[in-house]
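Peer 1: how would this look folded up:
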Amino acid sequence: MTETVAAGFERGVATLALDSPGGRNALSARLVDELARELDRCGRDDSVRAVVLTHTGPVFSAGADLKAPPNPYTFVALLRKILELPKPVVARVTGPARAGGLGLLGACDLAAASSAADFAFTEVRIGVAPAVISLPLLPRLEPRAAGRYYLTGETFDAAEAARIGLLTLAADDVDTALAPIVAGLRKASPRGLAAAKRLVTARVLDAFDRDAEDLVRCSASLFASAEAREGISAFLERREPAWEL
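Peer 2: Numbering: from 1, shown residues only. The predicted model follows:
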């Protein structure tokens, strides 16, 4: 069986690449499970100083796999695992990211994208809302921008993503931009990194403790609705949903 996450390692930095390009790296139950296992392995490996989360193919992630979606509790657990991993996780994005894929970016400690990347919260266009991914994202995003992009589903570029807090930085050459960041992580002590990460993720994890159960229930209710059934059918059939004016 083909793996959906490709792993590599160089000088203390593990690279985990979403590796289902034929499915636009959609977040299937299988991909979520495999990514969680790889993160666990990195957490146990003392030779790993940091993790770079990236992708194969032109798309970072199309969001949830609507044909084989992960259990929402499993997806929440994955986001929390990224936040609680005692090693920094750095997202490297060189293509489109949508919906649940933005949740992964929100959970990462640092996120960088090239000018080829763009982003959208597309949930409202299929009859649901960005509920679960709000856990790591709303503590990080500029509030007015979150309101705009959550409500409209508009696509925005990497520069705008950096301005509103979705990304740490945007650059034409993402690898050149990330080089000093990765070099800095290699110079940091493992214990110091773990302690510093706990400081900067504490407020995000508070949101998980407070809101995760309510948002999972909200998501489940929305996906079970008639509007979601119509929206998902329209998306899969490549047609406009019944409500579009």
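
Peer 1: give the contact list for the residue nearest the centre of the chain.
Peer 2: The residue lying closest to the centre of the chain (Cα atoms, centre = their mean) is L104, at 1.5 Å. Contacts for L104 (Cβ atoms under 8 Å, 6 or more residues apart in numbering) come out as L27, L53, S61, L79, I82, A91, A97. For glycine as for every other residue, the C-beta is placed from the backbone atoms N, C-alpha and C.

Peer 1: the same query, at a cut-off of 7 Å, please.
Peer 2: The contact partners of L104, taken as Cβ atoms under 7 Å, 6 or more residues apart in numbering, are L53, S61, A91.

Peer 1: one more: E154?
Peer 2: When contacts are counted by Cβ under 7 Å, 6+ apart, E154 touches A120.

Peer 1: quick check on it: phi, psi?
Peer 2: phi -60, psi 150 (degrees, to the nearest 10).

Peer 1: same question for A6.
Peer 2: Taking degrees, to the nearest 10, you get phi -100, psi 130 for the backbone angles of A6.

Peer 1: swap in A97?
Peer 2: phi -130, psi 130.

Peer 1: so what's it bridging to?
Peer 2: A97 has these beta-bridge partners by DSSP bridges: S61, F119.

Peer 1: could you give me the buried positions within stretch 126-144?
Peer 2: Using 16 or more other Cβ atoms under 10 Å as the test for burial, stretch 126-144 gives 126-141.

Peer 1: next one: stretch 161-169
Peer 2: Across stretch 161-169, burial judged by 16+ other Cβ under 10 Å covers A161, A162, I164, G165, L166, L167, T168, L169.

Peer 1: buried sites along the helix or strand that contains C42?
Peer 2: Taking DSSP states H and E as the criterion, the element that holds C42 is helix 29-44. Going by neighbour count (16+ other Cβ under 10 Å), the buried part of helix 29-44 is R30, L31, V32, D33, E34, L35, A36, E38, L39, C42.

Peer 1: ok, and the closest non-adjacent residue to the fifth one?
Peer 2: Nearest-residue entry for E34: V5, 4.6 Å, with adjacent residues in sequence omitted and distances by Cβ to Cβ, 6 or more residues apart in numbering.

Peer 1: now do that neighbour, the pLDDT please.
Peer 2: For V5, the model assigns a pLDDT of 97.

Peer 1: hey, what's the nearest residue to D45 once chain neighbours are set aside bridged with?
Peer 2: In space, and not counting its chain neighbours, D45 is closest to A14: 7.5 Å by Cβ to Cβ, 6+ apart. Beta bridges link A14 to F9, V51 when assigned by DSSP bridges.

Peer 1: measure A14 to V90 for me?
Peer 2: Distance, A14 to V90, by Cβ to Cβ, to the nearest Å: 11 Å.

Peer 1: go on, P136?
Peer 2: 15 Å.

Peer 1: what's the answer for R210, then?
Peer 2: From R210 across to V90, the span is 27 Å (Cβ to Cβ).

Peer 1: those two - which one has more neighbours?
Peer 2: The residue with more neighbours, out of R210 and V90, is V90; 22 against 11, by other Cβ atoms under 10 Å.

Peer 1: sorry, back to before: pull up the gap between the residue nearest to D45 and G43, please.
Peer 2: Remark: distance between A14 and G43 (Cβ to Cβ) = 10 Å.

Peer 1: tell me which element the nearest residue to L137 once chain neighbours are set aside falls in.
Peer 2: Leaving aside its sequence neighbours, L137 sits nearest to G106 (Cβ to Cβ, 6+ apart; 3.9 Å). Using DSSP H and E, G106 falls within helix 100-107.

Peer 1: what's the angle from that helix to helix 29-44?
Peer 2: 20 degrees (axes from the mean of the first three to the mean of the last three Cα atoms, to 10 degrees).

Peer 1: alpha carbons of helix 100-107, as CSV, please.
Peer 2: Output of helix 100-107 as CSV, limited to C-alpha atoms (Å, rounded to 0.1, in the frame of the first residue of the first chain):
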residue,chain,number,x,y,z
GLY,A,100,-8.5,22.0,6.5
GLY,A,101,-5.0,22.6,5.0
LEU,A,102,-5.0,26.0,6.6
GLY,A,103,-5.7,24.3,9.9
LEU,A,104,-2.4,22.5,9.5
LEU,A,105,-0.6,25.9,8.9
GLY,A,106,-2.3,27.3,12.0
ALA,A,107,-1.0,24.5,14.2
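
Peer 1: okay then, goodbye and thanks.
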